[in-house]
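# show me how the following folds:
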Amino acid sequence: MEPRHLARSAGFSLIEVLVALVVLAFGLLGVAAIQINALKTNHSAAQRSQATMLAYLMLDAMRANDTAAKAGDYNLERSCEIPSVTGTLVANDRKYWMEKLHEQLGEGTCGTINCASNGVCTVEIEWNDSRARGDENQTFVLTTRL
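A predicted model of the protein is given here:
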């Protein structure tokens, strides 16, 4: 015959097992939420890096053709459409730049170029970052002197 105190502590009760499973499930849900948030912010950071490289792409094209840039030939009001005009170096550069904006940052990406006669140029890129930040547009502005 078994002593009484051994019979009472012979194992786990079903309630203890269920409580442990609930605690484990909440912990795993928390880890999954952290992972999803990390993926979203990583995507947002990658898009910001792409915007930086694309702004430098246009500024490098303007540096290669600084006479036209200082004359305002590269200036572009806020545009979200890929231009269809080609033929000149400036038109080809702007078309290529807008194609890359849409390719790297998605449709609906807008760009603005403003270059003054003193060589101070500003490139602005606006894209939809709703995947990471809800329904929010992000803007990257780069100003430099040619």
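
# strands of this protein, residue ranges please.
Residue ranges of the strands in the chain, as given by DSSP state E, are 76-79, 110-115, 120-128, 137-145.

# the third one packs against which elements?
Contacts of strand 120-128 with other secondary structure elements, assessed using 3 or more C-beta pairs under 8 Å, 6 or more residues apart in numbering; DSSP states H and E, are made with helix 14-64, helix 89-105, strand 110-115, strand 137-145. Just so you know, the C-beta spots here come from the backbone N, C-alpha and C atoms, and that holds for glycine as well.

# now the last one against strand 120-128, angle please.
Same thing as strand 137-145. 170 degrees (axes from the mean of the first three to the mean of the last three C-alpha atoms, to 10 degrees).

# quick one: strand 137-145 to helix 14-64, angle?
Here the directions of strand 137-145 and helix 14-64 differ by 30 degrees (the same axes, to 10 degrees).

# now swap in the second one and tell me
Interaxial angle, helix 89-105 versus helix 14-64 (the same axes, to 10 degrees): 170 degrees.
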